[in-house]
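Chemist: This is a predicted model, with the sequence first.
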Amino acid sequence: MTDYVAYHSAELMGHALDANDSLVFFSRKPRKYLESAIGQRVWVIASERLGSEKRYQLTGVYRPSAVTPDQDGWRILGSGTAFHPPIDVTGLPWFRELRREQHDFSFGFNRIKSIDLSTALVQAHIQDATRLSATCIYAIVTRDVLDPVALDQTALTRTEARVWAEAARLFKEASQRERDLPIVLADAKDCSRLLYWGVLVDVVIARDAGTTTYTVDRLRPLRGTYTPQDLVLKSSGEPIAYGYIRSYAICETPGFLVDSPNDPATLAFLSNEEGPSPETLLEGAAIRVVVNAYERNQQARAACLAHHGCACCVCGFDFRAAYGELGADFIHVHHLVPLSTIGEQYRVDPLADLCPVCPNCHAMLHARKPALKPEALRDIMRGQRLTGLSNNQLQLTGPAVGERTGGLRGPSTL
């Protein structure tokens, strides 16, 4: 998947961009170049001057389907997802780098060269879907305090001998925008590892006493090993330095936060397994799956589910609809190109290479080698229903692979 950027300047065009789920963009670039974007991914960025300040917003992501003549240029047509509200990216370090690469968007419509910038755009998209603010708070708390709170699923309330003025401002701003302001917590013992994260639900400043009392809800463990050096300071755009022992900092929200489930109680339901391996052992009616050694990228899983939703793309089964909150976020993620056939790391496009499947369908996909395509398994299930060999109550209500199964607005084309 190749990423492009399309830029709209309200100053130059004379009007603000009215973003919707259809892409209509004018360009004078050669038609052949524009047609190279058909079927690829286009991120639309709009700017508008507010007083002396110029603000930039990520307004949507689209997939072009046609290029048509239009007076002295061409129109790029397509469909996708408009972000409501748009994502303010002004001042973010990765966006400053994007502006440099694109020569301050002087090309209008142009290919994005850096894979890191493409990844940053996808992460911004994920964070928007999960309602997380682009900024987070970093703080330190001893593990003996954090572990019981996370285990008991209670709120964490702490008082710091410092005024968190910027955190209070960011909390108020996030609340007004209906966003969650995440807080990432490191072990205060040596600040060598990030342990938990959650969502700030209250920040109270006592200026006379010089203290801040904050409350964290939905405290959950980070899945994977991360250190404070994996966080980027908002002020400098640089990672937190080794030996940084301050109790509080403002950072960019990292992509790995979306790896964790909304409820720690669902952690056991999140399967990284691709499916039964050749070492599958049959024990009566039970199947014991031997997990292969390939690493599963949790950001890719999160991006897949943010885009496609958590309903099975083969049979349509939705665990949350069937079991309520117990089944929330429970679904397997299937690699359309099995990692075991590649044998080395490769860059996964989570929207095109992954799809959500229930455990039953996942096992059936891998019942043959090479694995069945999801649409082929769906055809088998349809055939079973038509011949009356399957359960009479089987209902194939799920969308085919590539169709929207929930979550974000707009067609699943990206």
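Modeler: Received it, and whenever you're ready, just let me know what you need.

Chemist: Can you tell me the number of residues neighbouring the residue lying closest to Lys189 once chain neighbours are set aside?
Modeler: Distance criterion C-beta to C-beta, 6 or more residues apart in numbering; nearest residue to Lys189, sequence neighbours excluded, is Thr142 at 6.1 Å. The C-beta positions use only the backbone N, C-alpha and C, and glycine is treated the same way. Here the count is done by other C-beta atoms under 10 Å, and Thr142 has 12 residues near it.

Chemist: was I right about Thr142 contacting Asp190?
Modeler: No - Thr142 is beyond contact range of Asp190, at 10.4 Å (criterion: C-beta atoms under 8 Å).

Chemist: Check which element follows the worst-scoring helix or strand of the chain on mean pLDDT along the chain.
Modeler: Least confident helix or strand of the chain, by mean pLDDT, DSSP states H and E, is strand 286-288 with a mean of 30. Using DSSP states H and E, the helix or strand that follows strand 286-288 in sequence is helix 298-308.

Chemist: got the CA positions of that next one in PDB?
Modeler: In PDB, the C-alpha atoms belonging to helix 298-308 read as follows (Å, rounded to 0.1, in the frame of the first residue of the first chain):
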ATOM      1  CA  GLN A 298       0.000  -5.800  18.400                       C
ATOM      2  CA  GLN A 299      -0.200  -2.400  16.700                       C
ATOM      3  CA  ALA A 300      -1.200  -4.200  13.500                       C
ATOM      4  CA  ARG A 301      -3.900  -6.000  15.400                       C
ATOM      5  CA  ALA A 302      -5.300  -2.800  16.900                       C
ATOM      6  CA  ALA A 303      -5.300  -1.100  13.500                       C
ATOM      7  CA  CYS A 304      -7.100  -4.000  11.900                       C
ATOM      8  CA  LEU A 305      -9.800  -4.000  14.600                       C
ATOM      9  CA  ALA A 306     -10.200  -0.300  14.600                       C
ATOM     10  CA  HIS A 307     -10.900  -0.500  10.900                       C
ATOM     11  CA  HIS A 308     -12.900  -3.700  10.500                       C
END
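
Chemist: chain center to that helix, what's the gap?
Modeler: Between the centre of helix 298-308 and the centre of its chain there are 6 Å (C-alpha atoms, centre = their mean, to the nearest Å).

Chemist: Show me which positions of the next helix or strand after that helix end up buried.
Modeler: Next in sequence after helix 298-308, counting helices and strands by DSSP H and E, comes helix 319-323. In terms of neighbour count (16 or more other C-beta atoms under 10 Å), helix 319-323 has its buried residues at 319-320.

Chemist: For Asp190, which three-state class applies?
Modeler: Under the three-state scheme (DSSP: H, G, I helix; E, B strand; the rest coil), Asp190 adopts coil.

Chemist: Now it: phi and psi?
Modeler: phi -140, psi 0 (degrees, to the nearest 10).

Chemist: roughly how far is the strand or helix carrying Met381 from the heart of the chain?
Modeler: Using DSSP H and E, Met381 sits in helix 374-387. Per C-alpha atoms, centre = their mean, the displacement of helix 374-387 from the mean C-alpha position of its chain is 31 Å.
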